[in-house]
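no sequence on this one, just coordinates:
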């Protein structure tokens, strides 16, 4: 009898612990999903702003759906403007030296230039490869001529598409170059299909 009471008490205790843990995990997941949705909304608003598409908070969703065509492949999402000028925004992921690097870029297809580059996430070495998110590195890509692709080099020679590599982070610099060129190839091939 005493053993049965102890087993019942243990079962009730385990049931309570399991229920509490399940509720905590469900709540955490709900918060994560809300944060993810908010991040996605902010990125999409940035795309509309960059494409100079007017919208309000109330008209955001319908405006986005009317102004943008989305295409996806394995690791890249392309957002093409349906406006008069041919523009694309790209969110892409590729392998860095130590981590996945997630990049967000805006491309003017008509002028073959990168308008803006952002690093959304990475796990590269702070102070070395982690410098890919520093302003001086990213600013090099503003209005960068991509007619011959992107080349990360130790010393620029005025060849279109060249940017300075990060000293001491050659592999991360090369990884960014590969990620960008793959995304740009996708933009060019998909924009010809339209």
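Okay, I see it. Here the structure is a predicted model, which means the values were calculated and not measured.

before we move on, what SS does the nearest residue to residue 171 once chain neighbours are set aside have?
Nearest non-adjacent residue to residue 171, counting by C-beta to C-beta, 6 or more residues apart in numbering: residue 97, 4.3 Å away. Bear in mind the C-beta positions are built from the backbone N, C-alpha and C, glycine included. Applying DSSP: H, G, I helix; E, B strand; the rest coil to residue 97 yields a three-state assignment of coil.

thought residue 97 was touching residue 129?
Yes. Counting by C-beta atoms under 8 Å, residue 129 is a contact partner of residue 97 at 5.6 Å.

Which of the two has more residues huddled nearby?
It is residue 129, of residue 97 and residue 129, that has more neighbours when counted by other C-beta atoms under 10 Å, with 25 against 18.

close enough to count as contact, that one and residue 170?
No. At 9.2 Å, residue 129 and residue 170 do not qualify as touching, with contact defined as C-beta under 8 Å.

can you list the weak-confidence ranges in the protein?
The model of the chain has pLDDT under 70 over residues 192-194.

how about the helices of the protein, start to end?
With DSSP state H as the criterion, the chain has helices at 2-50, 60-67, 135-139, 170-193.

So which of those is the most surrounded?
Of these, the one with the most neighbours on average (mean count of other C-beta atoms under 10 Å) is helix 170-193, at a mean of 18.

how far does it sit from the chain's center?
13 Å (C-alpha atoms, centre = their mean, to the nearest Å).

which other helices and strands contact it?
When contacts are defined as 3 or more C-beta pairs under 8 Å, 6 or more residues apart in numbering; DSSP states H and E, helix 170-193 packs onto strand 76-81, strand 87-95, strand 100-108, strand 151-153.

That helix to strand 100-108, inter-axis angle?
Angle, helix 170-193 to strand 100-108, by axes from the mean of the first three to the mean of the last three C-alpha atoms, to 10 degrees: 40 degrees.

any idea what sits nearest residue 54, other than its immediate chain neighbours?
Residue 54 sits nearest to residue 63 (C-beta to C-beta, 6+ apart), 7.7 Å away.

do residue 94 as well
Closest residue to residue 94 apart from its sequence neighbours, by C-beta to C-beta, 6+ apart: residue 179 at 3.5 Å.

what separates that neighbour from residue 16, distance-wise?
Separation of residue 179 from residue 16 (C-beta to C-beta, to the nearest Å): 48 Å.

rewinding a little: tell me how far the residue nearest to residue 94 lies from residue 155.
According to C-beta to C-beta, residue 179 stands 22 Å off from residue 155.
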